[in-house]
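> the sequence isn't on hand, but the structure is:
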């Protein structure tokens, strides 16, 4: 096999065109075989095989910097830079599913949040200029919908301003992100693909513009009479050259020879150049090509011949949300849904099918999505913006200043909250409950099971004058965790024996960690330590009943699937201090560090967020308190 002979990019130099085509076929076969066993991002990588080969033949990595946005399309890059052991892909000790500096000098940025690569490329090109490195080049690949993100256009604006600073931008145009790419830019790129149909486009454009109220006809006449003419306006180079960027393309993204020629020309140019490549997501694997939903963007373990899942999972948190959204949509005409290019992954496909006029895909633009949601709410709708927890970080200012400041009734539904595991540091949803704590008026719910998710989603959309957040985990939703009582707005999941006048430990359980907290209580009971377990349900604001409840216990313990700094534990501690409750508190959560990829169970064990680990520490704390109460009654432990 040719692939096994490729130990680094320069091994590609001696291959003939025929051998390069053979290598491309081998890579596709390898990817299907390997990723079907582990799961991962299959479709995007099948689409960039020839493009990645051409990039590494033209550019001299790692001296030249080859960057990928988004990073999930870098599997081929890994194969060509000496990393061909995919046996533990995305597992502990194996290769990351994204570029990783720890793996290779060829990996420059560990980006898996989209639309950032052009900012990186701009900075790297500036560094080359400042330091006089004229023989260094930067090539940035942006695709899978990442050009729909505002950051990409902010970077382009800056890149275009330096007409003599070399930088190659490769637009990997596969018409898709997770699903078909949405928005005006996507439509423009589609136009570039079909420039030969100019006359038909002109006729359709005229009809559309003339039917647009007020501005349509004048806009058409302006464009039609412009100096460049409408034909130049829609021609491939039009949009980019108007920004001051040279344009090459569109290029067949599966023709290595054509790609190399285009990239060589771009590399020799003394300023920024766009190379527009047309690729097919999922290319070479029929099950992926036939998958209309997302071209096998990301798959679990599948049968390589059929593409069908090897096993069927039980109901997931996402599917519970998906079903409840459809029901809410039927009951309330004001309910609308927003997604940031992730209709299927966040569970809004069913809602979109049922209510196509009430779904808005904003592209990879979480900031715009949040502000647009504020506008929708102000206009009388109730938007539900479903997004991965890690991606809400990108829209914090908009949640704060556009939604909360204006008291807009917007519900943010955070999928993949807490430790997600295999996608690594960038995808763990471990910051949302810390970040959102500082937003005035915002209410945040952490459901513990499917029943609570349905209930709390309904409670959230009833709030009309403030933002609400509902967050839940990745994967299979566990069994129902019934309440045995209620105190204030909190559910009591376990009460101490009636004869216990002052229980030892109050365990504040957050969200999906309820079963773990009940297990902790069982382990403490075996040590003769009594406990109460409560689920606050809404963790922000802290329930007023919590302080007096805590005052009746010797120790308070919080357990959350979120960073410890500024999280629920910190909020509870502050609430107890404000209420004058002087009870020792210990918070358990995720340490503030970037966590390596591994299974969720492995990550939780590594950070000590397991029932035995927590029970052991709480037992020690209670024992310490017992000793101090005997000898130093006034002492406290924090």
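That came through, no problem. Quick caveat: nothing in here was measured; it's all calculated off a predicted structure. Numbering: from 1, shown residues only.

> need the contact list for the residue nearest to residue 448 when sequence neighbours are not counted.
Distances taken as C-beta to C-beta, 6 or more residues apart in numbering place residue 514 nearest to residue 448, at 3.9 Å, with adjacent residues excluded. (Glycine included, C-beta is placed from N, CA and C.) By C-beta atoms under 8 Å, 6 or more residues apart in numbering, residue 514 lies in contact with 448, 449, 481, 493, 533, 535.

> got phi/psi on residue 514?
Torsion angles at residue 514 (phi, psi; degrees, to the nearest 10) stand at phi -60, psi -50.

> ok, the one 4 residues further on next?
Backbone torsions for residue 518, taken as degrees, to the nearest 10, come to phi -70, psi -40.

> that one touches residue 534, doesn't it?
No: using C-beta atoms under 8 Å as the test, residue 518 is too far from residue 534 to be in contact (11.4 Å).

> contacting residues for residue 535?
By C-beta under 8 Å, 6+ apart, the residues touching residue 535 are 448, 452, 481, 483, 490, 491, 493, 509, 510, 514.

> and the gap between it and residue 376?
To residue 376, residue 535 is 31 Å away according to C-beta to C-beta, to the nearest Å.

> ok, now residue 498?
Counting by C-beta to C-beta - residue 498 and residue 376 are separated by 51 Å.

> also residue 418?
To residue 376, residue 418 is 28 Å away according to C-beta to C-beta.

> of the two, who's got more company?
residue 418 (31 against 20; other C-beta atoms under 10 Å).

> look up phi and psi at the more buried one.
Torsion angles at residue 418 (phi, psi; degrees, to the nearest 10) stand at phi 80, psi -160.

> which other residues reach stretch 308-319?
For stretch 308-319, with C-beta under 8 Å, 6+ apart as the criterion, the contacting residues are 287, 300-303, 345-347, 415, 450, 453, 472-477, 512.

> so where is the stretch 501-638 of the chain shaky, pLDDT-wise?
Where the stretch 501-638 of the chain drops to pLDDT under 70, the residues are 628-638.

> how much space between the nearest residue to residue 2 once chain neighbours are set aside and residue 543?
Nearest non-adjacent residue to residue 2, counting by C-beta to C-beta, 6+ apart: residue 23, 4.6 Å away. In this view, residue 23 and residue 543 are 61 Å apart by C-beta to C-beta.

> those two: who's more crowded?
Ranked by neighbour count (other C-beta under 10 Å), residue 23 and residue 543 place residue 23 first, with 23 against 20.

> correct me, but that one touches residue 11?
No: with contact defined as C-beta under 8 Å, residue 23 does not reach residue 11; the gap is 10.0 Å.

> rewinding a little: now the contacts of stretch 308-319: which count as buried?
287, 302, 345-347, 415, 450, 453, 472-475, 477, 512 (16 or more other C-beta atoms under 10 Å).

> now do the contacts for residue 539.
Contact partners of residue 539, counting by C-beta under 8 Å, 6+ apart, are 433, 444, 445, 446, 510, 511, 560, 568, 571.

> part of a strand, is it?
Yes: Residue 539: assigned to a strand according to DSSP: H, G, I helix; E, B strand; the rest coil.

> just give the nearest non-adjacent residue to it, would you?
Nearest one to residue 539, counting by C-beta to C-beta, 6+ apart, is residue 568 at 4.8 Å.

> hmm, that neighbour is touching residue 509, no?
No: here residue 568 lies out of contact with residue 509, judged by C-beta under 8 Å, at a distance of 10.0 Å.

> got any ranges where the protein has weak pLDDT?
Applying pLDDT under 70 to the chain flags the ranges 111-112, 144, 175-239, 313, 628-638.

> make it 80
The model of the chain has pLDDT under 80 over residues 70, 111-113, 144-145, 175-244, 292-294, 311-314, 421, 424, 628-638.

> please name every helix or strand in contact with the longest strand along the chain.
Determined from DSSP state E, the single longest strand within the chain is strand 555-563. In terms of contacts (3 or more C-beta pairs under 8 Å, 6 or more residues apart in numbering; DSSP states H and E), strand 555-563 is packed against helix 432-435, strand 505-509, helix 514-526, helix 568-578, strand 585-590, helix 611-631.

> give me the contacts around the fifth one.
Counting contacts by C-beta under 8 Å, 6+ apart, the residues outside strand 585-590 that touch it are 418-419, 428, 430, 550, 555-564, 567-570, 572-573, 576, 607-609, 614, 617-618, 621, 638.

> that older thread, ok, the residue nearest to residue 539 - contacts?
433, 446, 508, 510, 536, 539, 540, 558, 560, 562, 587, 589.

> pick the one among those closest to residue 51.
Among the contacts of residue 568, residue 562 lies closest to residue 51 (C-beta to C-beta), at 38.7 Å.

> Throw the contacts of residue 535 into a markdown table and include distance to residue 28, thanks.
Compiled in a markdown table, the contacts of residue 535 are given as follows (distance: C-beta to C-beta, whole Å):
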| residue | distance to residue 28 |
| --- | --- |
| 448 | 44 |
| 452 | 44 |
| 481 | 45 |
| 483 | 52 |
| 490 | 54 |
| 491 | 51 |
| 493 | 51 |
| 509 | 47 |
| 510 | 44 |
| 514 | 45 |
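
> now, the most widely separated pair of those?
Within these, two members stand farthest from each other by C-beta to C-beta: 483 and 510, at 15.0 Å.

> neighbour count: those two, which is higher?
Neighbour totals were compared for residue 483 and residue 510, and residue 510 leads with 27 against 16 (other C-beta under 10 Å).

> what sits closest to residue 136 if chain neighbours are left out?
In space, and not counting its chain neighbours, residue 136 is closest to residue 128: 4.7 Å by C-beta to C-beta, 6+ apart.

> my guess is the one you found meets residue 122, correct?
No: look at residue 128 against residue 122 with C-beta under 8 Å: they stay out of range, at 11.1 Å.

> looking at these two, which is more packed in?
A side-by-side neighbour count of residue 128 and residue 122, using other C-beta under 10 Å, places residue 122 first with 24 against 20.

> the more buried one sits in which helix or strand?
helix 117-130 (DSSP states H and E).

> report the buried residues of that helix.
Neighbour-count burial for helix 117-130 flags 117, 118, 119, 120, 121, 122, 124, 125, 126, 128, 129 (criterion: 16+ other C-beta under 10 Å).

> OK, contacts around residue 603?
Residue 603 neighbours (C-beta under 8 Å, 6+ apart): 419, 421, 428, 595, 596.

> could you grab the helix/strand/coil label for it?
Using three-state DSSP, the structure places residue 603 in helix.

> contacting residues around residue 149?
Contacts of residue 149 (C-beta under 8 Å, 6+ apart): 114, 115, 363, 364, 365.

> list the residues that contact both of residue 518 and residue 534?
Counting by C-beta under 8 Å, 6+ apart, the common neighbours of residue 518 and residue 534 are 493, 509.

> more neighbours: those two, which one.
Under the criterion of other C-beta under 10 Å, the comparison of residue 518 against residue 534 puts residue 534 first, with 27 against 18.

> part of a helix, is that one?
No: assessed by three-state DSSP, residue 534 does not belong to a helix; its assignment is strand.
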